[in-house]
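Visitor: My questions concern the predicted model and sequence given below.
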Amino acid sequence: MTGTVTTSATAARLDALRAQVRPALVGYLPVGYPDVERSVEAVTTMVDAGVDVVEIGVPYSDPVMDGPVIQEAAEAALRGGARVRDVLRVVEAVAERSGGQVPALVMSYYNPVLRYGVAAFARDLAAAGGAGMITPDLIPDEGDAWNAAADEHGLDKVYLVAPSSTPERLRLTAKASRGFVYAASTMGVTGARASVGRRAEQLVADTRAAGASHVCVGLGVSTGDQAAEVGRYADGVIVGSAFVRTLLGDEPWSDRLAALAEVTRDLADGVARARTGGGDA
Amino acid sequence: MPEQSDQPVRDALTETLADQDAGRLADVHGPYFGEFGGRYVPEALIAALDELEAEFRKAQQDPGFAADLSRLHREYTGRPSPLTEVPRFAEHAGGDAVRVFLKREDLNHTGSHKINNVLGQALLVKRMGKSRVIAETGAGQHGVATATAAALMGLECVVYMGEEDTRRQALNVARMELLGATVVPVALGTRTLKDAINEALRDWVTNVDSTHYLLGTVTGPHPFPEMVREFHRIIGTEAREQVLERVGRLPDAVAACVGGGSNALGIFNAFLDDDGVALYGFEAGGEGIESGRHAARFSGGAPGVLHGARSYLLQDDDGQTRPSHSVSAGLDYPSVGPAHSWLHDIGRATYEPVTDDEAMEAFRLLCRTEGIIPAIESAHALAGVLRVGRRMADAGLRDQVILVNLSGRGDKDVATAARWFGLLHEEPATEGDQ
């Protein structure tokens, strides 16, 4: 089903990749880890190494959807003085670096955006060249202010669905979303897992049946093989903790960036072979 | 008093309102209390919240559920809890102008009001066919109550507790373990109640099929604020009857401490629609509002979203939660139940901070004048009553009646109090909790 709004930067990107018979690699990194400057470097490194869509996380004091890896980075970013407005700098850097080719979405828990001012945040995000926002603790039922602001500024509204979502809620969420619907592959928090939940494929099918034109899958993907498997049926494969983990630790920063680029290439290779019939079980 | 000729009209109006279940502040339903409340949680939890609400609504209509709960209140908890007049304490709260009555929730099994909510939710857990409960705890009172109900009903129980709080309340950790619960110290963030809630929410998202999150106060996503209020409604219902019987009229003021706000809402609720009854909630003022080290959401916070609800919140300019501070672990929480934010904004209840010093003085005063050792949480309400009573006396009021919810007993706080007042004669503890 085609949506009511046709001006989604992210959906356009997903459609272009679909024409190349491959899903998108969607990469997450938080702003401010290990500091704002270096988080810009990390995100642009990820872009250069092959992510198709970027998610930039706003560090938050109470990240209930995140596992230990992202929690650690967020805590360190906050200790280092990262501010909500810094996310806009990273958004600008992605837009510049990719010549507008790579959509940059902000991923934020709701309170930092509420405190900034929902309308003001939408305005500033659009001005910085951002594509939209993913809202892990905002459901469409509570989304009136954000929906109005996003509509006014032509921003994507990426809501989540989960294996526990009822058909009625899948319809509600598909209708409220623009850009794509974020399907949580499993019941749980962010972080690498040995295997991606079996329920993910069914959830993507159900979400499409509920009216979503684009569905990306996140939670638990950390390897190229997992990306290839998920990429068979999803429009995009979302990876977070596996990227963040390459940046933690005490190794020289250049080594950490190199490790980030390597993981990115492995995952990009995974999505590239997802639909060629070669890489999946 | 209404004139005689108005009476039939008023009766008809009352009936209409009752029929519509509208107009009474005491019966406001979730998800919203004014502009507060809601469900700001990951979508993954919505199905469980819907299931919980449906089961709760069914139980509310089921006389069998009410009978089960009522039997547990009577035979297990020891309800009704007594009402105790405390004249020697009241002498310090406005002299002979004021009578003070304590609603003795400290005498409940497990030592606080928390058991009321826990038994209600545990019955719902059985009805939903779940086998595991998780809970957060600050002071340990809710954790102990949850571990107790889990033992009683044969449920697996995991309690998340900030590492800082496991040190402050070591005795309650042992108590929970004796009752068969697993206590998980949370070493993330500020290592207190809010971080314990974060960890409980992560567990819940992961294990929601088998697990119920037995939330301990009137915060969190809908239906928790309404449901927990309903399970504590009995405090106010009993107290209202007891005061009417004892003094022949309603109290002039009702006071309670407010952390998340469940004991306060439990006793306020029976008086919300009595305009003549002033309602006072006392928050933890910690080392004083100006120090920045406090848990006074109404004096030092602003509306925001935390742990599933929109409410007043301690936060910085970026919406990051600011750490709270209180000598009392049970009040050491940066947000407050959405119903309190609503009562604050519509002016129906007054919220004031009480400092650590004031609370500890009131704690000692009740011990010495009445032979009752209160929880430090409840001592905040007692300190507030000293203030309110003196104000009443200063204003020339006479025959004032103040009802206070004595929400918990102080056994768990003896070590803290002994250190505070310098009563320990061993070498001083290196890690203080002040």
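Guide: Noted; the coordinates are in hand. Numbers count the residues shown, from 1 in each chain, chains lettered A, B, ... in the order given.
Visitor: What is the strand of greatest length in chain B packed up against?
Guide: Under DSSP state E, the strand in chain B containing the largest number of residues is strand B:278-286. Counting contacts by 3 or more Cβ pairs under 8 Å, 6 or more residues apart in numbering or on different chains; DSSP states H and E, strand B:278-286 packs against strand B:253-257, helix B:262-268, helix B:297-300, strand B:349-355, helix B:356-370, helix B:376-394. C-beta: built from backbone N, CA, C; applies to glycine.
Visitor: How far does the longest helix seen in chain A sit from its chain's centre?
Guide: For chain A, the helix with the greatest residue count under DSSP state H is helix A:253-272. The chain centroid and the centroid of helix A:253-272 are separated by 17 Å under Cα atoms, centre = their mean, to the nearest Å.
Visitor: Just the C-alphas of that helix, formatted as CSV.
Guide: C-alpha atoms of helix A:253-272 as CSV (Å, rounded to 0.1, in the frame of the first residue of the first chain):
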residue,chain,number,x,y,z
TRP,A,253,41.0,6.1,18.4
SER,A,254,42.2,5.4,14.9
ASP,A,255,42.1,1.6,15.7
ARG,A,256,38.6,1.9,17.0
LEU,A,257,37.5,3.7,13.8
ALA,A,258,39.2,1.0,11.7
ALA,A,259,37.3,-1.6,13.6
LEU,A,260,34.1,0.3,13.1
ALA,A,261,34.7,0.5,9.4
GLU,A,262,35.5,-3.2,9.3
VAL,A,263,32.3,-4.2,11.0
THR,A,264,30.4,-1.8,8.8
ARG,A,265,31.8,-3.5,5.6
ASP,A,266,31.0,-6.9,7.0
LEU,A,267,27.4,-5.9,7.6
ALA,A,268,27.1,-4.0,4.3
ASP,A,269,28.4,-7.2,2.6
GLY,A,270,25.7,-9.1,4.4
VAL,A,271,22.8,-6.9,3.2
ALA,A,272,24.3,-6.9,-0.3
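Visitor: In it, which residues are buried?
Guide: Using 16 or more other Cβ atoms under 10 Å in any protein chain shown as the test for burial, helix A:253-272 gives A:256-257, A:259-261, A:263-264, A:266-272.
Visitor: who are the neighbours of that helix, in terms of helices and strands?
Guide: Counting by 3+ Cβ pairs under 8 Å, 6+ apart, helix A:253-272 packs on strand A:24-30, helix A:36-48, helix A:224-231, strand A:236-239, helix A:241-247.
Visitor: Which among those is found nearest to B:Leu102?
Guide: Across these, B:Leu102 has its closest neighbour in strand A:24-30 (49.8 Å, Cβ to Cβ).
Visitor: what's the angle from the closest one to helix A:224-231?
Guide: Orientation check (axes from the mean of the first three to the mean of the last three Cα atoms, to 10 degrees): strand A:24-30 against helix A:224-231 gives 120 degrees.
Visitor: So which elements touch strand A:24-30?
Guide: Looks like strand A:24-30 contacts helix A:9-19, helix A:36-48, strand A:53-57, helix A:68-79, strand A:215-218, strand A:236-239, helix A:241-247, helix A:253-272 (3+ Cβ pairs under 8 Å, 6+ apart).
Visitor: and it, how far from the chain's centre?
Guide: Put simply, strand A:24-30 sits 5 Å off its chain's centre (Cα atoms, centre = their mean).
Visitor: and residue 272, what does it touch?
Guide: Picked chain A for this. A:Arg22 (Cβ atoms under 8 Å, 6 or more residues apart in numbering or on different chains).
Visitor: meant chain B actually
Guide: B:Arg24, B:Leu25, B:Ala26, B:Leu279, B:Leu343, B:Arg348.
Visitor: Chain B contacts on the stretch 101-250 of chain A?
Guide: A:110-116, A:136-139, A:141-142, A:159-166, A:169, A:173, A:184, A:187-189 (Cβ under 8 Å from any Cβ of the partner chain).
Visitor: close to chain B, is the helix or strand where A:Val91 lies?
Guide: A:Val91 belongs to helix A:86-97 when assigned by DSSP states H and E. No. Helix A:86-97 does not reach chain B (Cβ under 8 Å from any Cβ); its nearest approach is 9.9 Å.
Visitor: Note down every partner strand of the following helix or strand past that helix and its orientation.
Guide: Downstream of helix A:86-97, the next assigned helix or strand under DSSP H and E is strand A:104-107. Using DSSP bridges, the strands paired with strand A:104-107 in its sheet are strand A:53-57 (parallel), strand A:132-134 (parallel).
Visitor: got a list of contacts for stretch A:185-197?
Guide: The contact list for stretch A:185-197 (Cβ under 8 Å, 6+ apart) reads A:64-70, A:162-164, A:199-200, A:203, A:217-222, A:226, A:229-230, A:240-242, A:245, B:44, B:202, B:205-209.
Visitor: What's the local residue count around the residue in the stretch 51-200 of chain B positioned nearest to chain A?
Guide: Going by Cβ to the nearest Cβ, chain A is nearest to B:Asn198 of the stretch 51-200 of chain B, at 5.1 Å. Using other Cβ atoms under 10 Å in any protein chain shown, B:Asn198 is surrounded by 25 other residues.
Visitor: cool, and A:Gln202?
Guide: By other Cβ under 10 Å, 13 other residues sit near A:Gln202.
Visitor: average pLDDT for the helix or strand where it lies?
Guide: Using DSSP H and E, A:Gln202 sits within helix A:199-209. Confidence over helix A:199-209 (mean pLDDT, whole number) is 97.
Visitor: Taking helix A:224-231 as reference, get the angle to it.
Guide: 30 degrees.
Visitor: roughly how far is helix A:199-209 from the heart of the chain?
Guide: Here helix A:199-209 is found 18 Å from its chain centre; the criterion is Cα atoms, centre = their mean.
Visitor: With respect to B:Val159, which of the strands paired with strand A:104-107 lies nearest?
Guide: Among these, strand A:53-57 comes nearest to B:Val159, with 30.1 Å by Cβ to Cβ.
Visitor: Distance from the chain centre to the closest one, please.
Guide: 5 Å.
Visitor: now it against helix A:68-79, angle please.
Guide: Going by the same axes, to 10 degrees, strand A:53-57 makes 60 degrees with helix A:68-79.
Visitor: and strand A:53-57 with helix A:9-19, angle?
Guide: Orientation note: strand A:53-57 sits at an angle of 140 degrees relative to helix A:9-19 (the same axes, to 10 degrees).
Visitor: circling back: averaged pLDDT, the longest strand of chain B. What do you get?
Guide: For strand B:278-286, the per-residue pLDDT averages 98.
Visitor: do the same with stretch B:135-144
Guide: Stretch B:135-144 comes out at a mean pLDDT of 91.
Visitor: Quick one: end-to-end distance for it.
Guide: 10 Å (Cα to Cα, to the nearest Å).
Visitor: next one: that stretch to chain centre, how far?
Guide: Distance of stretch B:135-144 from its chain centroid, counting by Cα atoms, centre = their mean, is 12 Å.
Visitor: Determine whether any part of that stretch lies close to chain A.
Guide: No. Applying Cβ under 8 Å from any Cβ, one finds stretch B:135-144 separated from chain A by no less than 12.0 Å.
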